[in-house]
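*Asks:* build me a model:
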Amino acid sequence: QVQVVESGGGLVQPGGSLRLSCAASGRGFSRYGVGWFRQAPGKEREFVAATTWNGANIVYVDSVKGRFTMSKDSSSDIVYLQMNSLKPEDTAVYYCAAKWAYLRSSPFRKEDDYEYWGQGTQVTVSS
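*Replies:* Modelled structure (predicted):
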């Protein structure tokens with residue numbers, strides 16, 4: 001069983017930056033694919049970014065390309081989402097999700113692909 005926990009959300013002004021972290025309990029997290037999703041008020045949850053188990057292949061939704069960077073620290077198995085040039089439309093609850101994906105070469109992009117989810121962390125971009 002894997003428990004996923006996000007942290008790092010908060011209130012930031014437009015143009016600012018935040019770094020979200022995703023950590024997991026349980027053994028073997030290094031062999032899990034991880035995704036970030038977000039849900040804005042009144043909207044459905046959407047895909048943001050995802051990585052393969054080894055961090056070799058990372059994909060992003062078009063709206064965050066060039067602004068967000070996802071990474072996986074191989075020593076700690078913590079997954080990060082560095083968010084720069086934040087916009088008000090980035091305001092949402094951000095979720096980290098994970099699924100066993102050892103040796104899989106492509107990241108999971110769909111919610112239904114993921115097995116374990118965190119509780120979410122609020123990101124608010126406002127002046």
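
*Asks:* centre-most residue in this structure?
*Replies:* Nearest residue to the geometric centre of the chain (CA atoms, centre = their mean): residue 36, 2.5 Å.

*Asks:* quickly list what that one is bridged to.
*Replies:* residue 49, residue 96 (DSSP bridges).

*Asks:* also residue 5?
*Replies:* According to DSSP bridges, beta-bridge pairing links residue 5 with residue 23.

*Asks:* can you tell me how far it is from residue 117?
*Replies:* Separation of residue 5 from residue 117 (CB to CB, to the nearest Å) stands at 11 Å. The way it works is simple: take the backbone N, C-alpha and C, and place the C-beta from them, glycine included.

*Asks:* and the two? Which one has more around it.
*Replies:* residue 117 (17 against 13; other CB atoms under 10 Å).

*Asks:* list the residues that contact that one.
*Replies:* 4, 95, 96, 97 (CB atoms under 8 Å, 6 or more residues apart in numbering).

*Asks:* alright, that wraps it up for me.
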